[in-house]
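Colleague: No sequence on hand, only this structure:
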């Protein structure tokens, strides 16, 4: 991240810590579009994404004192948004336990995905069932391991692997239907 952006974020955080509510509004305006996109990756619709984003910003505000000023404030906030979305999914309990460690590899045509724009791919991801979408986001986009996903969602590692497999299979099917 450019030092200028980081310095601006850090200055606003320092102002917030001194009780400046306008500084927090400025942080919100600066970060909410990017953080909304993170929230939307985990949710099915705009209303759910807005709810997650609002809850996440409340947590950001309440936990500002925990920010260590040794990295990206935006990155710190992204993690809060992801965790808030994951917690919301876990509370709804919509991840089905699946037991089956042996899953065949999926032949994914790179050409099929090359035709898609990022926004179109994200629409496909959002259309996945909650469990598939959550694990896909956590593993593919956020880089969590299956062990971490299992712990965070309260499922087995096997379930995490199965959900990812099924998400990839569903996405491949949707992309193939677009190609036809």
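Modeller: That came through fine. Values in this document were obtained by computation on a predicted structure and should not be read as measured data. Numbers count the residues shown, from 1 in each chain.

Colleague: contacting residues around residue 170?
Modeller: Contacts for residue 170 (Cβ atoms under 8 Å, 6 or more residues apart in numbering) come out as 128, 132. C-beta here means a position set from N, CA and C on the backbone, and glycine is covered the same way.

Colleague: Got the phi and psi for it?
Modeller: The phi/psi pair for residue 170 (degrees, to the nearest 10) reads phi -60, psi -40.

Colleague: Quick check: the gap between it and residue 50.
Modeller: Using Cβ to Cβ, to the nearest Å, residue 170 is found at 25 Å from residue 50.

Colleague: and if you look at residue 22?
Modeller: Using Cβ to Cβ, one gets 22 Å for the distance from residue 22 to residue 50.

Colleague: Domain parsing of the protein, as residue ranges.
Modeller: Annotated domains of the chain cover 3-92, 110-179 [automatic domain parsing].

Colleague: need those domains in CSV with mean pLDDT, can you?
Modeller: As requested, the domains of the chain are exported to CSV (pLDDT from 0 to 100):
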stretch, mean pLDDT
domain 3-92, 91
domain 110-179, 85
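
Colleague: who's more crowded, residue 22 and residue 50?
Modeller: The residue with more neighbours, out of residue 22 and residue 50 and counting by other Cβ atoms under 10 Å, is residue 50; that gives 15 against 10.

Colleague: which SSE is the more buried one in?
Modeller: helix 46-62 (DSSP states H and E).

Colleague: From the chain's centroid, how far away is that helix?
Modeller: Remark: helix 46-62 is offset 13 Å from the chain centroid, using Cα atoms, centre = their mean, to the nearest Å.
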